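In: What follows is a predicted protein model with its sequence.
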Amino acid sequence: MLGHVVEYYDFAVYALLAPVLAQVFFPSDNELNSLLATLGVFGVAYFVRPLGGLLFGHLGDRIGRRNTLLAVILMMAGATTAMGLLPTYNQGGLVAPILLIVCRSLQGLSAGGEYGGSASFVAEHAPPGRRGFFTSWLHGSTGIGLTLGALTALVLSAVVSQDALESWAWRLPFLLALPLGLVGLYLRLRLDDTPAFEAAKKAGTIPKLPLVEAVRLHWRAILTIAGMVLLLTVSLYVSFTYVTTYLKTFLDVPLSRSLPAGIAGMLTFFVLAPVFGALSDRVGRKPVLAGAAVGHIIGIYPAFLLLQNRSFVAILFAYLILGTLYAGYVGPFTAAVTERFPANVRAASLGIGYQLPVCVFGGLSPLILTYLTDATGVILMPAYYVIGAAVISLLVTLLMTETAGKNAVELDAVVGTAHADRLGSEQGADENDEHRAHQIR
């Protein structure tokens, strides 16, 4: 959980302070152009995330979940702390935004490796009948990371002037990532690797190239979770990172009004995610996921209509709706996707299927929506964007097979038997070919 907290604290601080960072690293007479440049750098980390998923997914299946998670949290905390030490544009010229891009890239690389390792780790330790509940805390804890980021931005905007914020105070939130990362590192050093990984290692079933094996044998499942991730990532980044920028840029709502409401929404999905995860243990993953996708299709438009009111109460109710909708989908999500792969390629498979959609539809969402809303004048554009993602993820969810209630051994046995049959038939065909060749000779 702490790894997710550090990851989303980092990303929330950057997104929420985007208007300030725009003046620090991309000063311009046109504030919108400065903001677009800053959001573009925000998206850079997401282009790197698939590389992190590939690299650390491979390592997670080769050297273990624990060792990979140690490297990930060190890189994540170090890159964010370094951002707090960067020179501004006025101090370093073009060097400043270049170093910002480097730090964001390292953040993206580490974030890309976080999910596959941590999801595999928790799913493989959890009892089969409660896997939905246990794994729901991973994505639920993103609410804590986002809340810490929002609280930090709120306190800064309340206690320091705009000039001080742009001069030196913007550095403080990034420097706070260091103690968070050290606590996470200490806890991960005390963990043992999972029984499933140790069993696969002992049995000698870990492939030399887990990524190749994952794509060769599990490409359908990888495509399935990619379709499921679409709503997960669009809902998160539109609802809990972009909305604050949207309110300030297009509706002229100050941070002092939007951030407290946003914090309430983040805490809502942190509290409710385990509830929906536990519900999926009882009724299955598909009904809960499909219900949450339908909830997005029906509820996201009214939530954005409430934002147009601009009052604190209306914005608060909108965020509570967004938090509940997201919790419904994220609660059973990690259990549903980890149960689709055997232990020997689980981290690699998740690294591919999860990070590619996040790269395209997560990091670029703020930039795309800021541009589209400004260019078209359609103030409810973010709502249509989320609805489109929800429709696609709903269709994918309805087509997937149910896996709730099966333990890791049963899942691995089912997958392993299917692959053994496939390889056996291929081997049998090869033997028949050799027999016919012998007869001809």
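Out: Received, thanks.
In: Can you list the low-confidence ranges for the stretch 251-400 of the chain?
Out: Per-residue confidence for the stretch 251-400 of the chain (pLDDT under 70) gives these ranges: 363.
In: any chance you could map the helices in it?
Out: Per DSSP state H, counting those that start in this stretch, the stretch 251-400 of the chain carries helices over the ranges 255-283, 285-307, 312-338, 346-361, 365-376, 381-399.
In: what about residue 371, how many residues close to it?
Out: By the criterion of other CB atoms under 10 Å, residue 371 has 14 neighbours. Backbone N, C-alpha and C define where each C-beta goes, glycine included.
In: and the gap between the closest residue to it other than its chain neighbours and residue 19?
Out: Spatially, and ignoring its direct neighbours in sequence, residue 371 is nearest to residue 36 (6.8 Å; CB to CB, 6 or more residues apart in numbering). Residue 36 sits 11 Å away from residue 19, going by CB to CB, to the nearest Å.
In: what number of residues lie near the closest residue to residue 380 other than its chain neighbours?
Out: Nearest residue to residue 380, sequence neighbours excluded (CB to CB, 6+ apart): residue 304, at 5.3 Å. By other CB under 10 Å, 23 other residues sit near residue 304.
In: Give me the distance between residue 304 and residue 330.
Out: 20 Å.
In: Surely residue 149 and residue 173 touch.
Out: Yes. With contact defined as CB atoms under 8 Å, residue 149 reaches residue 173; the gap is 7.0 Å.
In: so where's the stretch 51-200 of the chain uncertain?
Out: Checking the stretch 51-200 of the chain against pLDDT under 70 turns up nothing.
In: how about a cut-off of 80?
Out: 128, 154, 157, 162 (pLDDT under 80).
In: where do the helices sit along it?
Out: Using DSSP H, counting those that start in this stretch, helices in the stretch 51-200 of the chain cover 65-83, 89-92, 95-125, 131-140, 142-159, 162-164, 171-175, 177-189, 195-203.
In: so of these, which one's packed in deepest?
Out: Compared across the helices of the stretch 51-200 of the chain, helix 131-140 shows the largest average neighbour count, a mean of 26 (mean count of other CB atoms under 10 Å).
In: for it, packing partners?
Out: helix 95-125, helix 255-283, helix 312-338 (3 or more CB pairs under 8 Å, 6 or more residues apart in numbering; DSSP states H and E).
In: Can you say which of those is nearest to residue 228?
Out: helix 312-338 (6.6 Å; CB to CB).
In: what's the angle from the closest one to helix 131-140?
Out: Helix 312-338 runs at 130 degrees relative to helix 131-140, counting by axes from the mean of the first three to the mean of the last three CA atoms, to 10 degrees.
In: follow-up on the earlier one: adding distance to residue 73, write the helices and strands packed on helix 131-140 out as TSV.
Out: Putting the helices and strands packed on helix 131-140 into TSV (distance: least, CB to CB, whole Å) gives the following:
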stretch	distance to residue 73
helix 95-125	8
helix 255-283	20
helix 312-338	18
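In: Residue 154: which of these is closest?
Out: helix 255-283 (4.3 Å).
In: between that closest one and helix 142-159, what angle do the directions make?
Out: Using the same axes, to 10 degrees: helix 255-283 against helix 142-159 is 170 degrees.
In: list the helices and strands helix 255-283 packs on?
Out: helix 131-140, helix 142-159, helix 243-250, helix 285-307, helix 312-338.
In: Throw the ones you listed into JSON lines and include distance to residue 12, thanks.
Out: Listed next are those as JSON lines, based on distance: least, CB to CB, whole Å:
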{"stretch": "helix 131-140", "distance to residue 12": "14"}
{"stretch": "helix 142-159", "distance to residue 12": "3"}
{"stretch": "helix 243-250", "distance to residue 12": "9"}
{"stretch": "helix 285-307", "distance to residue 12": "19"}
{"stretch": "helix 312-338", "distance to residue 12": "14"}
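In: between those, which one is nearest to residue 166?
Out: Proximity to residue 166 (CB to CB) singles out helix 142-159 among these, at 11.0 Å.
In: Show me what that closest one is packed against.
Out: By 3+ CB pairs under 8 Å, 6+ apart, helix 142-159 packs against helix 2-16, helix 171-175, helix 255-283.
In: among those, which is the most enclosed?
Out: helix 2-16 (a mean of 26).
In: Now do the shared contacts for residue 149 and residue 173.
Out: Residues touching both residue 149 and residue 173 (CB atoms under 8 Å, 6 or more residues apart in numbering) are residue 13.
In: Please point out which parts of stretch 298-310 sit buried.
Out: The neighbour-count check on stretch 298-310 (16 or more other CB atoms under 10 Å) flags 299, 300, 303, 304, 306, 307 as buried.
In: Closest one to residue 273 out of those, please.
Out: For these, the residue nearest residue 273 by CB to CB is residue 299; the value is 16.8 Å.
In: wait, doesn't the closest one sit right on residue 328?
Out: No. Under the criterion of CB under 8 Å, residue 299 makes no contact with residue 328, lying 9.9 Å away.
In: My read is that residue 28 contacts residue 36, right?
Out: No. If you go by CB under 8 Å, residue 28 and residue 36 don't touch, sitting 9.9 Å apart.
In: So between those two, which is more surrounded?
Out: More crowded of residue 28 and residue 36, by other CB under 10 Å: residue 36, with 19 against 14.
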